[in-house]
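Peer 1: Mind folding the following:
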Amino acid sequence: MESVEAFLSGIDSGLLAYKDEFKRHAVTSENTLKYLRNYELEEMNIPAVFKRMLLEKIINLQTTETKSKLKEQTRQRDSDFLRHSEPKRLKFGETEITEKDPETENERTVVSEELFQITIS
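Peer 2: Numbers count the residues shown, from 1 in each chain. Reported below is the predicted structural model:
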């Protein structure tokens, strides 16, 4: 397995000056490099031209299996986030609505009246 230094110098020798950025993001080999996400690359203190070159190489490193793992990790992260997030709660007078949109005619009327009063105030 190729080291990060060898991989970076294979792209452009100028990238070796930024090897500490990769280590800071726990990228220590070609194997871990293929898991680097675009947003993580954007956070790195590297010139944009090198970022574009790296992104192309990272994409070429990713196999179908790697891409599937990344998608699953993203799905799991999103699922965990949604599971732990609190539902939105709106309270208008005595009526509390726990969904994004009012469901009953009464809830819609209360929300409309309250919003109308807020707008006038």
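
Peer 1: alpha carbons only for contacts and neighbour counts from here, please
Peer 2: Noted.

Peer 1: shaky segments in this structure?
Peer 2: 1-2, 78-121 (pLDDT under 70).

Peer 1: Look up phi and psi at Ser29.
Peer 2: Per-residue torsions, Ser29: phi -160, psi 170 (degrees, to the nearest 10).

Peer 1: just checking, it touches Val4?
Peer 2: Yes - Ser29 is within contact range of Val4, at 4.7 Å (criterion: Cα atoms under 8 Å).

Peer 1: higher neighbour count, those two?
Peer 2: The neighbour count for Ser29 versus Val4, taken as other Cα atoms under 10 Å, is higher for Val4 (20 against 17).

Peer 1: Tell me who's in contact with the more buried one.
Peer 2: Contacts for Val4 (Cα atoms under 8 Å, 6 or more residues apart in numbering) come out as 19, 22, 27-30, 33.

Peer 1: just Leu33 next, same as before
Peer 2: By Cα under 8 Å, 6+ apart, Leu33 lies in contact with 4, 27, 58.

Peer 1: Thank you, goodbye.
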